[in-house]
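1. fold the following.
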Amino acid sequence: MEATLEVVKRTGRGKNEARRLRVGGRIPAVVYGARKKGEAPEGVAVAADPKEVLRILHSEAGANTLITLKLDGDQSRVMVKDFQLDPVTRQLLHADFYQLAMDRSITVTVPVILNGEAQGVKLDGGMIDFLTRDVQIECLPADIPERIDVDVTSLRLNESIRLRDLPENPSWKILNEPDTMLVHIVLPKAEASAASTDEEAEAAAPGEEPEAAKKGKTEKDSADPPKKADAPKKADAPKK
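-> Have a look, this model is predicted:
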């Protein structure tokens, strides 16, 4: 997604100037130039309309939106670098932008979106465990995707999708580890616990009595059988 934002230069600095701008319906912002090797990017102090900036941040692309910034009759391509919200009112207080070199790759974070109803949920009674909700990618500014779609329709119980399973896209490169798991289908916790108990019972050694059966024995059953009394010894015959 692309957007247009018009800003004006500001000369004042400090809290009083920021307060004055907000009362007038604008917020303080800074536009940083393109980064050069060994040099920190220079910043230009500007004032922006917070409603327009929030509209961009709340769009589907969010902070990854490619913005045409208009300043003093000039135009440049920028993205939101950082922003600050009031912790109570959630109003936008400040924003930073950075200029882009359209022929140079950048690194951005893109959300992962699941599509379809998994067979493991529909037919097997499983549930979706969504593990990785965003990934980092490297691409040219004009090729930033709004999201990465993942089709889960064919997933059955205990099956998963990892980053390496996604089709390659020539426009961007995923930077996360290929083995990173995105989603898998699992049993609900109660059923998984019951299945685990059954497996433990089946794994018991042959001939070994289950613990419950041992506890069920009565005291009489577990007592040793009485020993037979020894036969009385014959008395010795009287000597003559």
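
2. sheet partners, orientation included, of the helix or strand where Asp96 lies?
-> Per DSSP states H and E: Asp96 is located in strand 92-99. When pairing is defined by DSSP bridges, strand 92-99 lines up against strand 27-32 (parallel), strand 74-85 (antiparallel).

3. CA atoms only: put the last one into CSV for me.
-> What follows is the C-alpha trace of strand 74-85 in CSV, where atoms were taken according to Å, rounded to 0.1, in the frame of the first residue of the first chain:
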residue,chain,number,x,y,z
ASP,A,74,9.7,18.5,-2.7
GLN,A,75,8.7,14.9,-2.5
SER,A,76,10.5,11.9,-1.1
ARG,A,77,9.6,8.2,-0.3
VAL,A,78,9.6,7.4,3.4
MET,A,79,8.3,4.9,5.9
VAL,A,80,7.4,5.2,9.6
LYS,A,81,10.4,4.6,11.7
ASP,A,82,8.9,5.0,15.2
PHE,A,83,5.9,6.6,16.9
GLN,A,84,4.8,7.4,20.4
LEU,A,85,1.2,7.1,21.8
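
4. and that strand, how far out from the chain's middle?
-> With CA atoms, centre = their mean, to the nearest Å as the basis, strand 74-85 stands 25 Å off its chain's centre.

5. same question for it: list its buried residues.
-> 77-80, 83 (16 or more other CB atoms under 10 Å). Where C-beta positions appear, they are placed from N, C-alpha and C, glycine not excepted.

6. and these, which is closest to Ala18?
-> When these are compared for distance to Ala18 (CB to CB), Phe83 comes out closest, at 14.0 Å.

7. quick check: bridge partners of that closest one?
-> Beta-bridge partners, per DSSP bridges, of Phe83: Ala95.

8. re the thing from before, what is the nearest of the buried residues of strand 74-85 to Gly62?
-> Distance to Gly62 across these (CB to CB) is lowest for Val80, with 8.2 Å.

9. distance-wise, check the spatially closest residue to the closest one that is not a sequence neighbour relative to Leu175.
-> Distances taken as CB to CB, 6 or more residues apart in numbering place Ala63 nearest to Val80, at 4.5 Å, with adjacent residues excluded. Distance of Ala63 to Leu175, computed by CB to CB, to the nearest Å: 17 Å.

10. list the contacts for Ile128?
-> Ile128 sits next to 114, 118, 121, 152, 183, 185 when contact means CB atoms under 8 Å, 6 or more residues apart in numbering.

11. just the buried members of those?
-> If we count by 16+ other CB under 10 Å, those have these buried: 114, 118, 121, 152, 183, 185.

12. make JSON lines from the residues you listed and add pLDDT and secondary structure to it.
-> Shown next, in JSON lines, are these (pLDDT from 0 to 100; DSSP: H, G, I helix; E, B strand; the rest coil):
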{"residue": "Leu114", "pLDDT": "97", "secondary structure": "strand"}
{"residue": "Ala118", "pLDDT": "96", "secondary structure": "coil"}
{"residue": "Val121", "pLDDT": "95", "secondary structure": "helix"}
{"residue": "Val152", "pLDDT": "97", "secondary structure": "coil"}
{"residue": "Val183", "pLDDT": "97", "secondary structure": "strand"}
{"residue": "Ile185", "pLDDT": "96", "secondary structure": "strand"}
